[in-house]
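**Student:** based on what follows, work out the 3D shape:
(one chain, ligands or ions: 2)
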Amino acid sequence: MHALNLQPKNLSLVERLADLAVDALIDEADLSPKPALVDRRGNGAHTDLHLGLMHASALSLWPAFKEMAEAAIEFGEVGLPLREAVGRIGREGEQAMLDTTGGVNTHRGAIWALGLLVTAVALEPQSCRAHSVALRAARLALLDDRFAPRPLSHGAQVAQRYGARGAREEAQLGFRAVTQRALPQLQRSRAAGHGEQNARLDALLAIMTNLADTCVLYRAGEEGLNTMQRGAKAVLDAGGSASLGGRRRLHELDQQLIALNASPGGAADLLAACLFIDRIESGDGLIQGVF
Ligand SMILES: CC(C)(COP(=O)(O)OP(=O)(O)OC[C@H]1O[C@@H](n2cnc3c(N)ncnc32)[C@H](O[C@H]2O[C@H](COP(=O)(O)OP(=O)(O)OP(=O)(O)O)[C@@H](O)[C@H]2O)[C@@H]1O)[C@@H](O)C(=O)NCCC(=O)NCCS
Ligand SMILES: Nc1ncnc2[nH]cnc12
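**Tutor:** Ligands and ions are numbered 1, 2, ... in the order given. Just a heads-up that it's a prediction; the model follows:
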């Protein structure tokens, strides 16, 4: 029994989902030591980010996540009206993030991934298995939002240059980095008794072994991406974050990525998505809310 329960009672489903999405972002930011990312130790490969900014950014997104869940309930099915409503709310969320951070992109990829997943859960809260949620989110991501601007984003630039599939395709293919890599690794490391923080680090590393992270590609090209993927695999092969050998490899990877200015921001967003789905799937997340 908990001595102090800070969870407010009687939250609606949409409020609870927004809480869980923000919690996932804050848990991701706090997790340490993450290679070359902002964490409790420092700013990783970033000069314009810090932990306080990541927290403020996460909190600024609460209204957007709540509105996306409300839109799901209002429209009630995967279709263009819902896709376009969620796109509009996502763009407003991005603006709220930029207003909060003074123009720094902290969570663009996370708004996209978590926004789709929050919407997918709100559509059918009784169907909360990871694969079902990811599939509904993918069906939504496959619809073309007629009002979406098509800027020459970092992701679009590396797609042209390297043919990399980025955040859009990751969602359209059903968040395989989350369902096929991060969640199974999280469960394996927990089952092995590695402790929650190490299990989460291992889940992040499992994502990094394979992801075409456009943030890394933009900043450090193919050398950066290969270093990230091979280094993450080396940590897991050495026994993961809970082992001495794994820790040493993790430290090396942190230094190598920082030297290359390569930040796995896309992998970090997908870890937040993994933590969100994990809470939803465990039932923990929604049971406490009233809906
Ligand atoms: C469909 C969108 C995701 C847009 O995608 P696109 O690839 O065109 O755009 P980007 O602006 O490049 O943003 C994609 C962000 O997604 C993350 N990411 C990268 N690779 C992957 C991947 N393989 N799978 C999943 N996610 C991935 C990543 O976000 C993180 O990195 C951010 C920092 O990136 P960047 O701006 O490049 O940063 P720096 O190098 O640090 O910049 P400088 O310092 O040089 O200035 C950080 O924010 C993390 O979040 C990519 O950045 C989607 O965004 C979209 O269409 N939005 C429109 C609104 C909408 O429809 N929303 C729907 C709501 S559900
Ligand atoms: N912890 C983190 N550090 C840097 N970029 C990120 N994007 C999302 N989470 C991040």
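**Student:** please make it C-alpha for all contacts and neighbour counts, starting now.
**Tutor:** Fine.
**Student:** shaky segments in the protein?
**Tutor:** For the chain, the stretches with pLDDT under 70 are 1-9, 284-291.
**Student:** flag every residue of it that's near ligand 1.
**Tutor:** Neighbours of ligand 1 within the chain, by C-alpha under 6 Å from any ligand atom: 86-87, 90-91, 105-112, 115-116, 153-156, 166-168, 170, 211-215, 219, 265-266, 269.
**Student:** buried subset of these?
**Tutor:** Buried by 16 or more other C-alpha atoms under 10 Å: 86-87, 90-91, 105-112, 115-116, 155-156, 166-168, 170, 211-215, 219, 265-266, 269, out of these.
**Student:** inside helices: which ones of these?
**Tutor:** Of the positions in those, 86-87, 90-91, 108-112, 115-116, 155-156, 167-168, 170, 214-215, 219, 265-266, 269 sit in helices, assigned by DSSP state H.
**Student:** quickly note the distance from the closest residue to residue 182 other than its chain neighbours to residue 59.
**Tutor:** In this structure, residue 182 finds its nearest non-sequential neighbour in residue 203, 4.4 Å apart by C-alpha to C-alpha, 6 or more residues apart in numbering. Distance of residue 203 to residue 59, given as C-alpha to C-alpha, to the nearest Å: 24 Å.
**Student:** more neighbours, those two?
**Tutor:** Ranked by neighbour count (other C-alpha atoms under 10 Å), residue 203 and residue 59 place residue 203 first, with 30 against 19.
**Student:** touching, residue 15 and residue 66? I think so.
**Tutor:** Yes - judged on C-alpha atoms under 8 Å, residue 15 makes contact with residue 66 at a distance of 5.8 Å.
**Student:** who's more crowded, these two?
**Tutor:** Ranked by neighbour count (other C-alpha under 10 Å), residue 15 and residue 66 place residue 66 first, with 25 against 20.
**Student:** the more buried one touches residue 20, doesn't it?
**Tutor:** No - applying C-alpha under 8 Å, one finds residue 66 not in contact with residue 20, separated by 10.4 Å.
**Student:** how far away is the residue nearest to residue 182 from ligand 1?
**Tutor:** Distance of residue 203 to ligand 1, given as C-alpha to the nearest ligand atom, to the nearest Å: 15 Å.
**Student:** give me every residue that touches that residue.
**Tutor:** By C-alpha atoms under 8 Å, 6 or more residues apart in numbering, residue 203 lies in contact with 181-183, 185-186, 271.
**Student:** in the stretch 51-200 of the chain, which spans are helices?
**Tutor:** Here the stretch 51-200 of the chain has its helices, by DSSP state H, counting those that start in this stretch, at 51-60, 62-75, 80-101, 108-123, 130-141, 154-162, 167-172, 176, 183-191, 196-208.
**Student:** how about those in a markdown table, adding distance to ligand 2?
**Tutor:** Listed next are those as a markdown table, based on distance: least, C-alpha to the nearest ligand atom, whole Å:
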| stretch | distance to ligand 2 |
| --- | --- |
| helix 51-60 | 7 |
| helix 62-75 | 16 |
| helix 80-101 | 12 |
| helix 108-123 | 7 |
| helix 130-141 | 20 |
| helix 154-162 | 14 |
| helix 167-172 | 13 |
| helix 176 | 18 |
| helix 183-191 | 18 |
| helix 196-208 | 11 |
